[in-house]
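Novice: mind folding the following:
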Amino acid sequence: MSESIDPIFLIDEVDLRPDSIESFMVAFRARYLPGARERGMELVHTLVTPPESPSDGEVTVLLFWRLAGVGGFWGMRSANASREIAAWWDECDALCVRRKRRYAVDPESLEKFRAAGRAHE
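Specialist: Now for the predicted structure:
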């Protein structure tokens, strides 16, 4: 990834039903991750919260992605608008209670994104 491009970070929060984390992670690694890489999404971190929870409790998987700036963002958005991706998330809904996606940038990059007209207001 070019050093001159300010990255956009994408954060997926996936709240899972009790006892479904293993099934979700296996399916995610096998079916979603390879295509995400092809769509320009670089997986930076995968975290689970809370670190200790009863086996019958919900857990949240946090997926932190890096995109190659505004161009990478729009390329990913265009590629994500497919039946294949929609089918993946439809299948995952059986394992999920809810899911949320957020976008973020480094604080030092805010002015550049505002100047480009890409800031959420």
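Novice: from here on, contacts and neighbour counts on C-alpha atoms
Specialist: Fine.
Novice: return the helix or strand in the protein with minimum mean pLDDT.
Specialist: When the helices and strands of the chain are scored by mean pLDDT, DSSP states H and E, helix 110-115 comes last with a mean of 78.
Novice: for that helix, what is the distance to the chain centroid?
Specialist: Relative to its parent chain, helix 110-115 has a centroid offset of 22 Å by CA atoms, centre = their mean, to the nearest Å.
Novice: contact partners for Leu62?
Specialist: Shown in contact with Leu62 (CA atoms under 8 Å, 6 or more residues apart in numbering): 11-14, 45-49.
Novice: in its sheet, which strands sit next to the helix or strand containing it, and in what direction?
Specialist: Assigned by DSSP states H and E, Leu62 belongs to strand 59-67. Strands adjacent to strand 59-67 in the sheet, as given by DSSP bridges, are strand 8-16 (antiparallel), strand 42-49 (antiparallel).
Novice: give me whichever of those strands is most buried.
Specialist: strand 8-16 (a mean of 21; mean count of other CA atoms under 10 Å).
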